[in-house]
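Peer 1: need coordinates for the below:
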Amino acid sequence: MENIIGRKFEQNILKSCYDSPRSELVVMYGRRRVGKTFLIRQFFGDRFDFFLTGIYDGTKREQLATFNRRLCLHSGEEYPTPEDWAEAFEQLKQYLTSLGERKILVFIDEIPWLDTQKSRFMKNFELFWNEWASMRGNIKLIVCGSATTWMLKNLIHAKGGLYNRSTRKIKLSPFSLCECEHLLAQNGFAWNRYQIAEAYMIFGGIPYYLQILQKEYSLIQNVDILFFKENAELKGEYDILFKSLFKNSTLYRDIVETLAENTKGMTRKQLVDSLKVTDGGSFSDMLDNLENCDFVRAYSAMGKKERDVLYQLTDPFILFHLKFVKGYKGQDENRWSNMIDSPSRRAWSGYSFEQMCLHHIRQIKSKLGISGVSSDIYSWSAKAREGVHGAQIDLLIDRRDQVINLCEMKFSQSPYELTESYLNHMLERMEIFRTDTKTTKALYLTMVTTYGLKPNAYSGMIQSEVVLDDLFQI
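Peer 2: I've put the predicted structure just below:
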């Protein structure tokens, strides 16, 4: 367990389930590459009594053959290859029964891939748990999967025989900046926090992507190697990511690519109209699934009705891929190195920094000293009208202590120099916000920057500051 970075909450759940006096069905889900299998295998070490991994796109026969090999390996005995899952689970019960009354640990990884068409896998899995394993009192069954739609439908929100049967549910989310820093340090990287933040803005907090970075190269060189060199490892990752997570991967990709073109977010109606799809339960499930994969966030704009909830693409890896990798037909293997001063890269950096801040709201609130203050997170915009300019604020922290932080996020390589004209822009926007929302709360101008504000005649007008180091707090 000493090699596990972060994941303290999840480890506590696994420990409490393993130590409990009853049978446990633990369901873990999360996007591809987020570290589900690594966490479970590192936490439990060699304690598994049975461990099975589904085969992506495998047939029923192939899945059963893999089951047979694992059963024979774990039991040390020869079992015939089962004809179907009913026979397979009977063999598993026979083997587990032979282990006696001690605690028994079973891990089924990538369980959605076992559920091939007409295989009746889930019906037999349901019978195995409901009629046998749950009654034994000593079975610790952990199931894991990346195919979020399947996991939610068949286990998390199951309506049939497995309704409310899982004893614990764990959603594994990407790493925070702090956890990324620990992982890179453990792997021998000597990058500073600015470089780590840039890595997060490209790869997100996905452990696998960070693990394949090479410490002998700079971040820029790593990006060229992983995305733009011939046969680059991550060039096709975007397509694989969606195919492994969702059955109808094409429509899911259409949703995120539409959101990528509308960076400030879109309402459900705008998405439906743009995609020309039916607005119904299936579309709701898709939006929920994208949220559960941490690809998309749903947030409210202050003053808007519930139906006007905005959906915004926030996954750093997908945003980077769609901006710079997808559709690129050039042969420049040093594309990222050669874009170092390009306007498109600077625009992307600013937006990606904003998204990184939105992934670290808890750290921002901590720096502001309001961790214990109830608050809501909003965005706000007002259309231009006669005599009044249009205005937008991407991050508002609406506090119950009668204060609203109006947050401005700026990414720069040195302390940010606040000019008179930009300060006037912020003050004007604040007054438009006050008039538009009719709020009576105190309004605090808040800057979130990499290295703070450069002291000058205007910086003193900012009530609150958050810097990059603050985002790296636990």
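
Peer 1: let me see the ranges of the strands in this protein.
Peer 2: 24-29, 50-53, 104-109, 139-145, 168-171, 266-267, 296-299, 310-313, 375-382, 391-399, 403-410, 442-449, 464-467 (DSSP state E).

Peer 1: right, and the ones you listed - which one's nearest Ser342?
Peer 2: For Ser342, the closest of the strands of the chain is strand 403-410, at 18.8 Å, according to C-beta to C-beta. Heads up, the C-betas are built off the backbone N, CA and C, glycines and all.

Peer 1: contact partners of the closest one?
Peer 2: The set of residues external to strand 403-410 that reach it, using C-beta atoms under 8 Å, 6 or more residues apart in numbering, is 350, 353-354, 357, 364, 368, 393-399, 416, 426, 429-430, 433, 439, 441-450, 464.

Peer 1: buried members of those residues into ChimeraX, please.
Peer 2: Once 16 or more other C-beta atoms under 10 Å is used to decide burial, the buried members of those can be selected in ChimeraX as follows:
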select :353,354,357,364,368,393,394,395,396,397,398,399,416,426,429,430,433,443,444,445,446,447,448,449,450,464
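
Peer 1: report how many residues lie close to Gln463.
Peer 2: Summarising burial for Gln463: neighbours were counted as other C-beta atoms under 10 Å, giving 15.

Peer 1: if you could redo that for Gln214, that was the one I meant.
Peer 2: Gln214: 12 surrounding residues under other C-beta under 10 Å.

Peer 1: buried ones in stretch 412-422, by neighbour count?
Peer 2: Using 16+ other C-beta under 10 Å as the test for burial, stretch 412-422 gives Pro415, Tyr416, Leu418.

Peer 1: again, but for stretch 131-144
Peer 2: Going by neighbour count (16+ other C-beta under 10 Å), the buried part of stretch 131-144 is Trp132, Ala133, Ser134, Asn138, Ile139, Lys140, Leu141, Ile142, Val143, Cys144.

Peer 1: quick one: Ser146 from Ser381, how far?
Peer 2: Computed as C-beta to C-beta, to the nearest Å, the Ser146 to Ser381 distance reads 35 Å.

Peer 1: higher neighbour count, the two?
Peer 2: For the pair Ser146 and Ser381, the greater number of neighbours falls to Ser146 (24 against 18), based on other C-beta under 10 Å.

Peer 1: and for the nearest residue to the more buried one once chain neighbours are set aside, the neighbour number?
Peer 2: Once its chain neighbours are removed from consideration, Ser146 has its nearest residue in Arg32; the separation is 4.5 Å (C-beta to C-beta, 6 or more residues apart in numbering). Neighbouring residues of Arg32 were enumerated by other C-beta under 10 Å; the total is 19.

Peer 1: also Ala147?
Peer 2: Neighbour tally, Ala147, other C-beta under 10 Å: 24.

Peer 1: wait, isn't it in contact with Asn248?
Peer 2: No - the pair Ala147 and Asn248 fails to qualify as a contact (C-beta atoms under 8 Å) at a distance of 11.7 Å.

Peer 1: so Val373 touches Gln402, yeah?
Peer 2: No - the pair Val373 and Gln402 does not pass the contact test of C-beta under 8 Å, sitting 10.3 Å apart.

Peer 1: least trustworthy helix or strand in this structure by mean pLDDT?
Peer 2: For the chain, using mean pLDDT, DSSP states H and E, the weakest element among its helices and strands is helix 148-151, scoring a mean of 86.
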